[in-house]
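Trainee: here is a sequence together with a model predicted from it:
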Amino acid sequence: MSDSNDIRAQADALCDMPLKKLNRIIKRQPIDLEFQDLVYSVRDNNAKGGWRQLLKGINGKFHSGELTAILGPSGAGKTTLLNILAGYVNVGVKGSIKINSKARNLKTFNKISSYIMQEDVVQPRLTVREALLVAAKLKLGSVVSAADKIGVIDEVINLLGLQKCSDTMSEYLSGGQRKRLVVALELVNNPPIIFLDEPTSGLDNYAIKQCVDLLQKITKMGRTVICTIHQPPASLFQTFDQVYVIASGFCVYSGSPSNLVPFLDNSGYKCPPTYTPADYVIELVHSNPQTITGLSSNIQNGRGDVITKQKYLAEPEDFTEVYKDTTVQNVVFPTTFWQQFSILLGRMLLQMSRNKSMLYIQFFHHLLSGLLLGGIYFGVGNDASQTIAIFKYCICVNVFFMYTHVMAPVLLFPLEVKLLRREYFNRWYSLKPYYLALTVASLPIMLLLGCMFLTIVYFISYQPFEGVRFFWFCAMGLSVAVCSQGLGYAIGSMFSITNGSIVGPSTLAPLLALAVYGMGYKSSIEPLMKALMSLSYLRYGMVGFCEAIFRDREPLDCAEDEVYCHYRIPEILMVDMGMANQNFHAQLLVILGFALFFRVFAYVALKYRLTSELSSKIMHVAYKVFRKE
Ligand SMILES: Nc1ncnc2c1ncn2[C@@H]1O[C@H](COP(=O)(O)OP(=O)(O)OP(=O)(O)O)[C@@H](O)[C@H]1O
């Protein structure tokens, strides 16, 4: 209730507010977007020829200074069309897309357009103002002074009616506020063309009106705003400048909202007075698919606009002007690699420090696990009758680092990928500095808590008071942690949380089995198994921990009443466990090699996941290769 009052109050304030131009923001050229004979096909084994056309030769023109709504029944192809127009999907697309009558140059277009996807995820532990500041730093670069960046943020906050929640953490924003924040984040660099996929989904009618009013305001500053919308409320339908209706991949109407009813009338379909035109056309094409062909041919599949008024605020200029814009000209990103790295690292560390529950959970997990493990193996360190127990203790320490650091990114990273997708596609930063910042940001907590755990288990279990031995024991533990985290990121980059939570443990189980395979069988391990074992980084961890604890040890203490202490000399155990003559430093180096491999693999997987063009291209090539075979 209070939330809806809040929305209402903000909306009233917004209506009273004079329309502000984003005066401090770099001026951009107006953009007209035109597409002709757009066909998009996807692989479908059930379809004729093995391909299914999702868009069937559609045409259209969206103007600057106009708010265009793409309407249609569910599954009509609205998101598909928006993905293609925004440049998010390119492979499998035929036809032409023009910007101000010139063929679209995707690289330049990506720099000047913004795509707000349906998932309106935001950085949870930043206030609205902080989130905007990060966006401004990344998107405006050092060309714009710090004072002007603050000015831009204030203007955007006012424009989008976010004043009252400007100091609220993003995770506590209402659905409508979150959507406005996502729009605000993309507005800071004043993109001349903005795509929004279902910006009104999940909002009540009042919030939808507020959202559409906002889009109108943005549009009237000369931008081209194109959004998909499921079924606009009757009161809002007329507020769009242009509606573009698609059904089953065909365009069945393109033009001003007021002309939809006469168009349907002329095509032989009378809109009953009890219906809104949008509801009627959607129901018509849904209930009677034959109408699609007739309507589509009457509108020439989008070629014949039915527009009564054309009210551009600014005449679109030649697209070559856009290249003269200093922020676009030959600049890949407005900020350098290291600027991006430091801004992103700062954002990650700030959010981590605010995630108190996560910090407490991690702290107590390490503390309690250390006390438990230390307690189980209390005082075994120099006891010759407990050499096997010390060996099991090494396995436990290895397993602790493996599970702790693999499973956390497997479960958490997929959420981060959703956030990353929008920012990366809208060219806030490149993936390399992001990935480096991600790696560096996780290190302090990992190293600190890892050392705490290792100290507890080392000393409670009475391992030798030798600085060098303790150092190598810690080095091995932290290396296994870094390596496991890399594996976790690799899995988290490739799979959703659901799939990752299955893939993670199913990857770890064989790795663990291979790590301990053959222990107690001396040299009787088959060559194939030896080769497989060499693929398990945990095996190197196992050997490394045993080496750190057992190598160059004085004979262990044997109880006076003990007649024979078989493993008094730990090297005998190492021989029995198939770990004789191993080099500790070699184990450490191999683990670090695995860590590097997993990190690079995770980076490539992430790039593949984020770049739909790259993934589609690979799928296309793979399909062609297999088809030939
Ligand atoms: N990559 C793909 N492979 C196969 N089919 C796809 C692919 N992408 C989309 N489709 C199919 O294309 C059709 C159009 O999908 P799209 O998401 O564009 O619909 P939409 O109009 O946005 O629907 P909604 O309003 O429900 O979001 C759907 O039937 C969908 O299943």
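Mentor: Alright, I've got the coordinates.
Trainee: use CA for all of it now, contacts and neighbours both
Mentor: Will do.
Trainee: pretty sure Y403 sits in a helix.
Mentor: Yes. Assignment of Y403 by DSSP: H, G, I helix; E, B strand; the rest coil places it within a helix.
Trainee: from K392, how far out is it?
Mentor: The gap separating Y403 from K392 is 16 Å, by CA to CA, to the nearest Å.
Trainee: quick one: which helix or strand includes the residue of the stretch 151-300 of the chain at minimum distance from the ligand?
Mentor: Residue nearest to the ligand within the stretch 151-300 of the chain (CA to the nearest ligand atom): H230, separated by 5.7 Å. For H230, there is no host helix or strand (DSSP states H and E).
Trainee: so what does the residue nearest to it when sequence neighbours are not counted have for phi and psi?
Mentor: Nearest non-adjacent residue to H230, counting by CA to CA, 6 or more residues apart in numbering: L71, 6.0 Å away. Reported as degrees, to the nearest 10, the phi and psi values for L71 are phi -110, psi 170.
Trainee: and what of R52?
Mentor: Main-chain torsions, R52, degrees, to the nearest 10: phi -120, psi 130.
Trainee: wait, isn't it in contact with G92?
Mentor: No. Assessed by CA atoms under 8 Å, R52 is found out of contact with G92, at 10.7 Å.
Trainee: which neighbours do those two share?
Mentor: S41, V42 (CA atoms under 8 Å, 6 or more residues apart in numbering).
Trainee: got the residue ranges for the helices in the stretch 201-350 of the chain?
Mentor: Here the stretch 201-350 of the chain has its helices, by DSSP state H, counting those that start in this stretch, at 205-219, 234-237, 260-266, 277-287, 290-298, 320-324, 337-354.
Trainee: mean neighbour count and mean pLDDT for those helices - can I get that in a markdown table?
Mentor: Shown next, in a markdown table, are the helices of the stretch 201-350 of the chain (neighbours: other CA atoms under 10 Å; pLDDT from 0 to 100):
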| stretch | mean neighbour count | mean pLDDT |
| --- | --- | --- |
| helix 205-219 | 20 | 80 |
| helix 234-237 | 14 | 80 |
| helix 260-266 | 17 | 88 |
| helix 277-287 | 19 | 87 |
| helix 290-298 | 18 | 86 |
| helix 320-324 | 14 | 39 |
| helix 337-354 | 17 | 94 |
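Trainee: got CSV for these, with distance to the ligand too?
Mentor: Listed next are the helices of the stretch 201-350 of the chain as CSV, based on distance: least, CA to the nearest ligand atom, whole Å:
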stretch, distance to the ligand
helix 205-219, 16
helix 234-237, 17
helix 260-266, 19
helix 277-287, 11
helix 290-298, 15
helix 320-324, 30
helix 337-354, 31
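Trainee: and of those helices, who's closest to L487?
Mentor: For these, proximity to L487 was assessed by CA to CA; helix 337-354 is nearest, at 20.3 Å.
Trainee: roughly how far out does the helix or strand just after that closest one sit from the chain middle?
Mentor: Toward the C-terminal end, the helix or strand that comes next after helix 337-354 (DSSP H and E) is helix 356-376. Centroid separation for helix 356-376 versus its chain: 30 Å, with CA atoms, centre = their mean, to the nearest Å.
Trainee: mind listing what's buried along helix 356-376?
Mentor: F363, H366, L367, S369, G370, L371, L373, G374 (16 or more other CA atoms under 10 Å).
Trainee: next: stretch 133-150.
Mentor: For stretch 133-150, by 16+ other CA under 10 Å, it's L133, V134, A135, A136, K137, L138, K139, L140, G141, V144, K149, I150.
Trainee: closest one to G202 out of these, please.
Mentor: Closest approach to G202 among these (CA to CA): A135, at 25.1 Å.
Trainee: surely the closest one meets N190?
Mentor: No. Using CA under 8 Å as the test, A135 is too far from N190 to be in contact (11.9 Å).
Trainee: for burial, what's the neighbour tally of T455?
Mentor: Neighbour count for T455, taken as other CA atoms under 10 Å: 17.
Trainee: same check, this time on the one 4 residues further on
Mentor: A total of 16 residues lie near F459 under the criterion other CA under 10 Å.
Trainee: returning to what we had before: now the residue of the stretch 151-300 of the chain closest to the ligand. Its backbone dihedrals?
Mentor: Torsion angles, degrees, to the nearest 10, at H230: phi -70, psi -70.
Trainee: repeat for L508
Mentor: Dihedral angles for L508 - degrees, to the nearest 10 - are phi -70, psi -40.
Trainee: elements contacting the one helix or strand G477 maps to?
Mentor: Secondary structure assignment for G477, by DSSP H and E: helix 467-494. When contacts are defined as 3 or more CA pairs under 8 Å, 6 or more residues apart in numbering; DSSP states H and E, helix 467-494 packs onto helix 387-425, helix 431-460, helix 497-516, helix 537-550, helix 584-610.
Trainee: want to throw those into a markdown table with mean pLDDT and distance to the ligand?
Mentor: Formatted as a markdown table, these follow (pLDDT from 0 to 100; distance: least, CA to the nearest ligand atom, whole Å):
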| stretch | mean pLDDT | distance to the ligand |
| --- | --- | --- |
| helix 387-425 | 90 | 17 |
| helix 431-460 | 95 | 24 |
| helix 497-516 | 89 | 19 |
| helix 537-550 | 90 | 37 |
| helix 584-610 | 92 | 14 |
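Trainee: burial count for the nearest residue to V183 once chain neighbours are set aside?
Mentor: Counting by CA to CA, 6+ apart, V183 lies nearest to I116, which is 7.2 Å off, once chain neighbours are set aside. Neighbours of I116 under the rule other CA under 10 Å: 23.
Trainee: so who does I116 touch?
Mentor: V182, V183, E186, I194, F195, L196, D197, R422.
Trainee: try 7 Å this time
Mentor: By CA atoms under 7 Å, 6 or more residues apart in numbering, the contact set of I116 is F195, L196, D197, R422.
Trainee: for it, give me phi and psi.
Mentor: Torsion angles, degrees, to the nearest 10, at I116: phi -100, psi 110.
Trainee: check V39 too.
Mentor: Note on V39: backbone dihedrals following degrees, to the nearest 10 are phi -120, psi 130.
Trainee: want to try a markdown table for the buried residues of helix 356-376, with distance to the ligand as columns?
Mentor: Listed next are these as a markdown table, based on distance: CA to the nearest ligand atom, whole Å:
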| residue | distance to the ligand |
| --- | --- |
| F363 | 43 |
| H366 | 43 |
| L367 | 47 |
| S369 | 45 |
| G370 | 48 |
| L371 | 51 |
| L373 | 49 |
| G374 | 52 |
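Trainee: done for today, thanks.
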